[in-house]
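Asks: Here is my input, please return the structure:
(one chain, ligands or ions: 1)
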Amino acid sequence: MQASTRIRTLTGTGDDGWGLFHRARAMKDAGAPVLELTIGEHDIRTDPRILAAMDRAAQGGHTGYAIVPGIAPLRDAVARRLTERTGVATDRDNILITPGGQAALFAAHHASCDNGDQALYIDPYYATYPGTIRSVGAVPVAVQAAPEDGFQPHAPALNAVAATAKSLLINSPNNPTGVIYSRETLEGIAGVVRKNDLWLISDEVYDTQVWQGSHLSPRALPGMAERTLVIGSLSKSHAMTGSRLGWIAGPKEVIAHLITLATHTTYGVPGYIQDAALYALAMGPDFEAGIAAPFIRRRDMVMALLARQQVVRAVPAQGAMYAMLDIRATGLSGMAFAERLLEAENIAVMPGESFGEAAVGHIRVALTLPDDQFAEAATRLIRFAGSLAARPVAQ
Ligand code: PLP
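Replies: A predicted model of the protein is given here:
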């Protein structure tokens, strides 16, 4: 028996660049001293106080089926958080608790696209985006944001493809570029979305990882609340990646439909995880700033190292937990550079090409090693790039 075409073609065709990640993991498992700057996972674990809250809830009996949309106090807490941050009145019925932001991305595309509809997303993109769009039977259409524009998407490029589309997925603060979309960019996007009657799916899972400027949710822009679905998560903000706790916020009617979808797919999120999430949200902004602090520190470390040389250039890294580095002066593609770096220096980074076509000649560095190891890896990486530029090699 053959599996469905949809499931077999979920990730499209061609090398997605993750081969390098798996090779680095295999080398590490075999004992090689590989420094991994690949995935967006904190170098700290979930705070013991949050784990204690989870334990209390589980021991206290919150282990049965939890109510599908999420427990009322947690939906209320998320709604309050969004009201405070966006100024848009939000209540419990605007919120569905999901098993992580990824499940919310799937749900949002389910809610906005029918079979065969075109769903826009910005390239460079988070690895799962095209597959998530295909998983609901929609057709992914990439719109490039160029390095020359600081990876900010431009309204004319979006307008050129928006007339036949149903939705647009954006992500700010951005993975993989670390860029935060400016107010001007977001207003341009909102204009395209309103003009072409699209759903806007705004992935804001890095909204507390803002190093420069402030986070602006497009849901707060005029006329946008009724057509925006916001994706949120505690994975990055609270170092709770493994707990799988996220949400989708949107108009009440859509959330009601999505509760039905959740009833037929995930059946909700475990109650003890939700209790822990409620506890985590109550820890407040200082706790969240503490989780974000190491990434700011390491971004500054990279910038200081880059200031002393001419070969590697940084895209202005303003948020999330990554730095996108332009290594075009070495004459290599991001893929070739990443391969050589792994071979010569035992340092693993993600090639820009694994995030689409717009980031060719770049590499993404995750700021996720402890400071001393990170400083060593960044120093060696930059020195290696310098040696390549001084002595060009055939690809
Ligand atoms: N969106 C972006 C941009 C991400 O980088 C990630 C995870 O790395 C996710 C969504 C998914 O996060 P979650 O752990 O909440 O499913």
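Asks: neighbours around F337, how many?
Replies: If you count neighbours by other Cβ atoms under 10 Å, F337 ends up with 27. Heads up, the C-betas are built off the backbone N, CA and C, glycines and all.
Asks: how much space between it and the ligand?
Replies: Counting by Cβ to the nearest ligand atom, to the nearest Å, the gap from F337 to the ligand is 22 Å.
Asks: okay, the residue lying closest to that residue once chain neighbours are set aside: pLDDT?
Replies: Once flanking residues are discounted, F337 sits nearest to I327: 5.0 Å by Cβ to Cβ, 6 or more residues apart in numbering. Looking at I327, its pLDDT stands at 97.
Asks: give me the element the residue most central in space within the chain is part of.
Replies: What sits nearest the mean C-alpha location of the chain, by Cα atoms, centre = their mean, is N175, with 4.6 Å. Secondary structure assignment for N175, by DSSP states H and E: no helix or strand.
Asks: you'd agree it is up against Y322?
Replies: Yes. Using Cβ atoms under 8 Å, N175 is in contact with Y322, at 6.2 Å.
Asks: Now for the two: what residues contact both?
Replies: Residues within reach of N175 and of Y322 at once, by Cβ atoms under 8 Å, 6 or more residues apart in numbering, are G40.
Asks: can you give me the strands for the stretch 251-395 of the chain?
Replies: 313-314, 322-326, 347-351, 362-366 (DSSP state E, counting those that start in this stretch).
Asks: and the residue nearest to the centre of the chain, backbone torsions?
Replies: phi -110, psi 120 (degrees, to the nearest 10).
Asks: Low-confidence bits of the stretch 151-300 of the chain, can you list those?
Replies: For the stretch 151-300 of the chain, no stretch has pLDDT under 70.
Asks: What parts of it come near the ligand?
Replies: Within the stretch 151-300 of the chain, the positions near the ligand by Cβ under 6 Å from any ligand atom are N171, N175, D203, V205, S233, S235, T241, G246.
Asks: Could you give the number of residues near the third one?
Replies: Counted with other Cβ under 10 Å, residues neighbouring D203 total 27.
Asks: isn't it right next to S233, touching?
Replies: No. Contact criterion Cβ under 8 Å: D203 and S233 do not qualify, at 9.0 Å.
Asks: Quickly list what's touching both of those two.
Replies: Joint contacts of D203 and S233 (Cβ under 8 Å, 6+ apart) are G101.
Asks: so who does the closest residue to A103 other than its chain neighbours touch?
Replies: For A103, ignoring the flanking residues on the chain, the nearest one in space by Cβ to Cβ, 6+ apart is T266 at 6.1 Å. Contacts here follow Cβ under 8 Å, 6+ apart; on that basis T266 touches T98, P99, A103.
Asks: And for K166?
Replies: Contacts of K166 (Cβ under 8 Å, 6+ apart): S112, C113, D114, D117, Q118, A119, A138, L198, W199.
Asks: what do you get for D371?
Replies: D371 makes contact with P294, R297, R298, M301, according to Cβ under 8 Å, 6+ apart.
Asks: How confident is the prediction for A317, by pLDDT?
Replies: Per-residue pLDDT puts A317 at 85.
Asks: give me phi/psi at it?
Replies: Dihedral pair for A317: phi -90, psi 110, per degrees, to the nearest 10.
Asks: For the ligand, see how far away I39 is.
Replies: According to Cβ to the nearest ligand atom, I39 and the ligand sit 8 Å apart.
Asks: Tell me how many other residues crowd the residue nearest to that residue when sequence neighbours are not counted.
Replies: Distance criterion Cβ to Cβ, 6+ apart; nearest residue to I39, sequence neighbours excluded, is A366 at 6.1 Å. Other residues lying near A366 total 25 when counted by other Cβ under 10 Å.
Asks: Please apply the same query to L381.
Replies: Based on other Cβ under 10 Å, the number of other residues close to L381 is 24.
Asks: for the closest residue to P153 other than its chain neighbours, what are its contacts?
Replies: In space, and not counting its chain neighbours, P153 is closest to A145: 4.3 Å by Cβ to Cβ, 6+ apart. Listed by Cβ under 8 Å, 6+ apart, the contact set of A145 reads I122, D123, P124, F151, Q152, P153, H154, A157, A358.
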